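[1] sequence plus the predicted model coming up.
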Amino acid sequence: MMIVLLGLLAFSQSQDTNIYLGMDVNIAQFSRYWDKVYETSPSGFRTSQGCHDMKHWYQLYEAKTDACVNRTFRLRYQFYMVRDYDVAITRHRFEPTMRIWRDLYAHLVIVPAFYKKDDEVGVGMAWRRGSTDWLAFYAIAQAFDHNFSLMHTPQGPDNDPFRRIPFKFELDARGELRWARLRFHAELGTRSAQYLCWPDSIQYVWDRDQDRSLAWGRLELRPVRNLWLGARFGWSGNRSQTLWPGREGRDTLTADTLRDLWFEPFISLSPTDRLELRVEHRIWDTRRDMDSLTYFRDYDVLSTIASWHPLPVLLIEAGYQRSWRYRYNNDTLIPEPWSGRHSQSRLLFNLELRLRSGMILAIKEGLEMDFFPRDLFRSPHNHTYVSLHLPLAILSKDKQVKALEDF
């Protein structure tokens, strides 16, 4: 019994071994400038990569293109891949698009996967005004090929068909004015029902229902000249519930619900055209409810950055980051690994090249600031992140340069 109790109290998420995770997430995300360039370009590629810990890299790849076949038909393509501790997603999304009337479009969504059971297909409608403003709605059937892929799978642990496949409803929007920018994306997943087809075994027969939803976005406002303020946010929920029938009606129910919410307000002041002063504060909460344990993680991350633009092609940034992290198992505080401190701090230096071709390269380096100056000189390196943006637009060189200058 004591061993079971200690096991429950020692539970943690895989990323908890990284005590700098909160600060790393802040610098791994793309800046507001990068988001604007990528979102408003018809085609492009960008990646963000960095050091998580001694064993893991963080890797994010995104690419998109919008090929115009004629005045009526277009082919849109999006690629997304992320490797982040327990998360491993690779997605290709094709959208044959037909113009119905003026700025109104109809979409067919095809998302093929290596395992056919993960294929997705759907339809959508969208209003688009150029590449800066749009409102799109999609209805997508997930895992619609799952049961078909099991056609020749014998009864057993690998045969887990759906009674009710999951659907996903997406809302994707962006809008821009001279004094405001809005970006919003939401996915509402419906509840699915799945069962294990293995009638000869009592131990492994189960019924499962689950659903997933998420939302993220960004709001930027400019109340006066040279001042921007707003916030980023993200939320995701993943819920599963499995019923294990037992002997004499003693059924066992296992449940696992993971919710992740973060909110990052910011304020940016530009005293001159070449200098920007920025403050960001991320509030990040993660909660996991299981049938035998509740895990909760509370993160606060403060980032203060000064950006200097000495040359049109060069951006230099320097700043300070500090994070506070508290984790609980059933309201019991979990001790922090390594140093035992619940707070971490570091200096941050960024170097960014913005070439006229549209290529952007950023290198971000953290320097240890706890127990300054001893730890700074003994072990200064505190994670490095690199970001790259490349234009992929099928445009002449002159048009690419003009489009970049308009930003």
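    It's in.
[2] beta-bridge partners for Leu361, please?
    Bridge pairing for Leu361 (DSSP bridges) gives the partners Leu353, Leu388.
[3] can you pull out the strands in the stretch 251-400 of the chain?
    Counting by DSSP state E, counting those that start in this stretch, the segments of the stretch 251-400 of the chain that form strands are 252-272, 275-290, 294-311, 314-329, 332-333, 343-354, 360-368, 381-391.
[4] distance between the ends of stretch 220-229?
    End-to-end distance of stretch 220-229: 6 Å, with C-alpha to C-alpha, to the nearest Å as the criterion.
[5] next one: that stretch to chain centre, how far?
    How far stretch 220-229 lies from its chain's middle: 26 Å, per C-alpha atoms, centre = their mean, to the nearest Å.
[6] so for that stretch, what gets flagged as buried?
    Using 16 or more other C-beta atoms under 10 Å as the burial criterion, the residues of stretch 220-229 that qualify are Glu220, Arg222, Trp228. Glycine gets a C-beta too; all of them are placed from N, C-alpha and C.
[7] tabulate the strands of the stretch 251-400 of the chain (a markdown table), appending mean neighbour count, distance to Trp206 and mean pLDDT.
    Shown next, in a markdown table, are those (neighbours: other C-beta atoms under 10 Å; distance: least, C-beta to C-beta, whole Å; pLDDT from 0 to 100):
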| stretch | mean neighbour count | distance to Trp206 | mean pLDDT |
| --- | --- | --- | --- |
| strand 252-272 | 15 | 9 | 93 |
| strand 275-290 | 17 | 16 | 96 |
| strand 294-311 | 17 | 23 | 96 |
| strand 314-329 | 17 | 26 | 96 |
| strand 332-333 | 10 | 31 | 95 |
| strand 343-354 | 18 | 42 | 95 |
| strand 360-368 | 19 | 45 | 94 |
| strand 381-391 | 18 | 41 | 92 |
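[8] which residues of the stretch 101-250 of the chain fall in strands?
    Counting by DSSP E, counting those that start in this stretch, one finds strands in the stretch 101-250 of the chain at the ranges 104-111, 120-129, 133-142, 162-164, 167-176, 180-189, 192-195, 207-224, 227-244.
[9] excluding chain neighbours, what is closest to Cys68?
    Arg74 (5.3 Å; C-beta to C-beta, 6 or more residues apart in numbering).
[10] what is the neighbour count of the one you found?
    Arg74: 19 surrounding residues under other C-beta atoms under 10 Å.
[11] quick one: contacts for it?
    By C-beta atoms under 8 Å, 6 or more residues apart in numbering, the contact set of Arg74 is Asp66, Ala67, Cys68, Pro96, Thr97, Met98, Arg99, Tyr105.
[12] which non-adjacent residue is nearest the first one?
    Nearest residue to Asp66, sequence neighbours excluded (C-beta to C-beta, 6+ apart): Pro42, at 4.4 Å.
[13] try the fourth one
    Residue nearest to Pro96 in three dimensions, not counting chain neighbours: Leu108, with 4.7 Å by C-beta to C-beta, 6+ apart.
[14] so, low pLDDT: which residues of the stretch 101-250 of the chain?
    For the stretch 101-250 of the chain, the stretches with pLDDT under 70 are 201-204, 246-250.
[15] what do you get if the cut-off is 80, keeping everything else the same?
    In the predicted model, the stretch 101-250 of the chain carries pLDDT under 80 at residues 199-206, 244-250.
[16] from the contacts of Arg74, which land in strands?
    Judged by DSSP state E, strands contain the following of those: Asp66, Ala67, Cys68, Pro96, Thr97, Met98, Arg99, Tyr105.
[17] tell me the pLDDT at the fifth one?
    Think Thr97. Here the pLDDT value assigned to Thr97 is 96.
[18] tell me which element the closest residue to it other than its chain neighbours falls in.
    In this structure, Thr97 finds its nearest non-sequential neighbour in Arg74, 4.4 Å apart by C-beta to C-beta, 6+ apart. Using DSSP states H and E, Arg74 sits in strand 73-84.
[19] what strands line up against that strand, and which way round?
    Strand 73-84 has the following strand partners under DSSP bridges: strand 57-68 (antiparallel), strand 87-101 (antiparallel).
[20] chain center to it, what's the gap?
    14 Å.
[21] I'd like to check the angle between that strand and strand 104-111, please.
    50 degrees (axes from the mean of the first three to the mean of the last three C-alpha atoms, to 10 degrees).
[22] and the angle from strand 73-84 to strand 120-129?
    Calculated by the same axes, to 10 degrees, strand 73-84 forms an angle of 110 degrees with strand 120-129.
[23] list the buried ones in strand 73-84?
    Residues of strand 73-84 classed as buried: Arg74, Arg76, Arg83, Asp84 (neighbour count, 16+ other C-beta under 10 Å).
[24] what about the residue nearest to the third one when sequence neighbours are not counted, how many residues close to it?
    Spelled out, it's Arg83. Among residues not flanking Arg83 along the chain, Gln59 sits closest, at 4.3 Å (C-beta to C-beta, 6+ apart). Neighbour count for Gln59, taken as other C-beta under 10 Å: 16.
[25] who's Gln59 bridged to?
    Applying DSSP bridges, one finds that Gln59 bridges with Gln49, Arg83.
[26] confirm for me that it is in contact with Thr47.
    Yes: using C-beta atoms under 8 Å, Gln59 is in contact with Thr47, at 7.5 Å.
[27] need the strands of the stretch 101-250 of the chain in CSV with distance to Leu361, can you?
    Formatted as CSV, those follow (distance: least, C-beta to C-beta, whole Å):
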stretch, distance to Leu361
strand 104-111, 30
strand 120-129, 30
strand 133-142, 28
strand 162-164, 45
strand 167-176, 25
strand 180-189, 24
strand 192-195, 42
strand 207-224, 23
strand 227-244, 23
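[28] for Tyr20, which of the ones you listed is the nearest?
    Of all the strands of the stretch 101-250 of the chain, strand 227-244 sits nearest to Tyr20, with 19.3 Å by C-beta to C-beta.
[29] buried set for the closest one?
    Taking 16+ other C-beta under 10 Å as the neighbour-count basis, strand 227-244 is seen to contain the buried residues 228, 230-234, 236-244.
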